[in-house]
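Visitor: below are the sequence and a predicted model for it; my questions follow.
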Amino acid sequence: MKDGQLQHNFGLFPHRTLLENTEYGLEVQGVDKAERRQRAEKALDNAKLLSFKDQYPAQLSGGMQQRVGLARAFNMTIEEGEIFVIMGLSGSGKSTLIRLLNRLIEPTDGQLFIDGQEITKFNKKQMLDIRRKKMSMVFQNRVNGRWVETLI
């Protein structure tokens with residue numbers, strides 16, 4: 001299972017530049033350096049932080065650090081058959097992300113891909129098929145037991 005969580009303290013490494021922080025998850029996954037760099041720069045550009053890519057977290061405001069954390073968290077790929085869990089504090093954007101992935105709301109910026117295709121290109125019938133065959137959701141209402149038991 002991949003962990004793409006966005007922590008409240010943003011989880012940035014103080015000894016890494018913004019670009020290196022954004023590349024980190026891809027580095028751990030074994031993505032080659034050139035692709036890692038390209039994807040990290042695109043994520044920073046989407047977060048309006050590309051011009052700060054060579055700076056360190058301590059040089060940024062808290063809001064900018066949070067955007068780097070977001071860029072790193074969402075600069076990822078979920079492979080077929082993998083389970084991805086979205087967890088976070090109240091108000092951290094979990095429900096918004098799920099609504100975006102299911103196209104219940106439209107993105108205002110950036111891109112989301114399913115099977116290599118940008119989701120805004122799908123018509124309603126295609127999106128319904130994707131929701132039925134390619135995605136699953138477990139709602140955040142608390143149940144007795146742990147979340148892992150809820151999934152099983």
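Guide: Structure's in. What do you need?
Visitor: assign a three-state SS to Phe13, would you?
Guide: Secondary structure assignment for Phe13 (DSSP: H, G, I helix; E, B strand; the rest coil): coil.
Visitor: per-residue confidence for it?
Guide: At Phe13, the pLDDT value in this model is 92.
Visitor: now Gly93
Guide: Residue-level pLDDT assigned to Gly93 equals 74.
Visitor: that one: neighbour count?
Guide: For Gly93, the count of nearby residues is 16 (other CB atoms under 10 Å). From N, CA and C alone the C-beta is placed, and that goes for glycine too.
Visitor: strands of the protein, residue ranges please.
Guide: Assigned by DSSP state E, the strands in the chain fall at 2-3, 84-85, 113-114, 117-118.
Visitor: average model confidence for the last one?
Guide: Here strand 117-118 scores 84 as its mean pLDDT.
Visitor: can you check stretch 100-108 too?
Guide: For stretch 100-108, the mean confidence score works out to 84.
Visitor: if we can go back for a sec, lowest average confidence across the strands of the chain, which one?
Guide: strand 2-3 (a mean of 47).
Visitor: quick one, what contacts the nearest residue to Gln59 once chain neighbours are set aside?
Guide: Residue nearest to Gln59 in three dimensions, not counting chain neighbours: Phe52, with 7.8 Å by CB to CB, 6 or more residues apart in numbering. Residues near Phe52 by CB atoms under 8 Å, 6 or more residues apart in numbering: Leu18, Leu44, Gln59, Leu60, Met64.
Visitor: you'd agree the second one is up against Lys53?
Guide: Yes - counting by CB atoms under 8 Å, Leu44 sits close enough to Lys53 to count as a contact (5.6 Å).
Visitor: domain assignment for this protein?
Guide: Taking the TED database as the reference, the chain has its domains at 9-87, 93-151.
Visitor: lowest mean pLDDT across these, which one is that?
Guide: domain 93-151 - the lowest mean pLDDT of those, at a mean of 78.
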